[in-house]
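K.L.:
Pasting the sequence and the predicted model now:
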Amino acid sequence: MYTSLTLPCSIIAIGAFDGVHQGHQAVIQQAVQKSKELHVPSVIYTFDPPPRVFFQGVQMITTIAEKLSMLEKLGVDHVVVTRFDLAYANKSAHDFIQTLANLNPMEIIVGEDFRFGQGRKGDLVMLKKYFNVDMMQPVCCSKGNTVSSTRIRQLIAEGDTRLSNLLLGWPIRE
């Protein structure tokens, strides 16, 4: 785990990855697979706490230790964990782009709703001006609903551990 990292090249997946659910796993597996194809390191760039936990006070699905354990099991080479606090939230989108530039990404993989920088001003259009970006489509369950951390939090709150475990793709702590 790193709080900062410099690499000659990499494939990066960026996200809060709270829960490391099936949708997150698809993004992460894409990064790992692409990094192996290109013989470069895979990097997960994530946040502690996740931005929604910081801004909205929602329940965190996984601790940072659990998240790191899951990422290791998925075969990730490096994990950059950025402390998400008020100072970080006030950094500009350009500051974030400069941080990513230190990793020399050959490709960045994100979900379709990815935003970054102060006030979420950075978006995929801006990111694509600087990097090769692969936007992953949402992963849906067998009933066609999108797998999301919000949905999993709701299921956990309702006591539906069977379905929340199914959407996570691994058992949560009871």
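P.N.:
Happy to help now that I have it. Predicted model only: the values in this text are computed from it and were never measured.

K.L.:
Show the subsequent helix or strand relative to the helix or strand hosting Thr46.
P.N.:
When secondary structure is defined by DSSP states H and E, Thr46 falls within strand 42-48. Next along the chain after strand 42-48, taking DSSP H and E as the criterion, comes helix 51-56.

K.L.:
What is that next one packed up against?
P.N.:
Contacts defined by 3 or more CB pairs under 8 Å, 6 or more residues apart in numbering; DSSP states H and E place helix 51-56 against helix 86-89. For glycine as for every other residue, the C-beta is placed from the backbone atoms N, C-alpha and C.

K.L.:
Tell me the gap between the helix it packs on and the middle of its chain.
P.N.:
Taking CA atoms, centre = their mean, to the nearest Å, one finds helix 86-89 lying 18 Å from the centre of the chain it belongs to.

K.L.:
which parts of it are buried?
P.N.:
The neighbour-count check on helix 86-89 (16 or more other CB atoms under 10 Å) flags nothing as buried.

K.L.:
Which elements pack onto it?
P.N.:
With contacts taken as 3+ CB pairs under 8 Å, 6+ apart, helix 86-89 sits against helix 51-56.

K.L.:
what mean pLDDT would you report for the helix it packs on?
P.N.:
Average pLDDT, helix 51-56: 93.

K.L.:
how long is stretch 14-25 from one end to the other?
P.N.:
Taking CA to CA, to the nearest Å as the measure, stretch 14-25 stretches 12 Å from start to finish.

K.L.:
hmm, who's touching that stretch?
P.N.:
Applying CB atoms under 8 Å, 6 or more residues apart in numbering, the set of residues contacting stretch 14-25 from outside is 27-28, 44-47, 50-53, 60-62, 66-67, 70-71, 74, 100, 108-111, 114, 116, 138-139, 141, 146-149, 152, 167-170.

K.L.:
Report the buried members of those.
P.N.:
27-28, 44-47, 50-53, 60-62, 66-67, 70-71, 74, 100, 108-111, 114, 116, 139, 147-149, 152, 167-170.

K.L.:
Give me the subset of those residues lying in strands.
P.N.:
44-47, 108-111 (DSSP state E).

K.L.:
got a pLDDT number for Met126?
P.N.:
96.

K.L.:
mind listing what it touches?
P.N.:
93, 97.

K.L.:
Not including adjacent chain positions, what is the nearest residue to Ala101?
P.N.:
Take Ala101 and drop its neighbours on the chain: the residue closest to it by CB to CB, 6 or more residues apart in numbering is Tyr130, 7.3 Å away.
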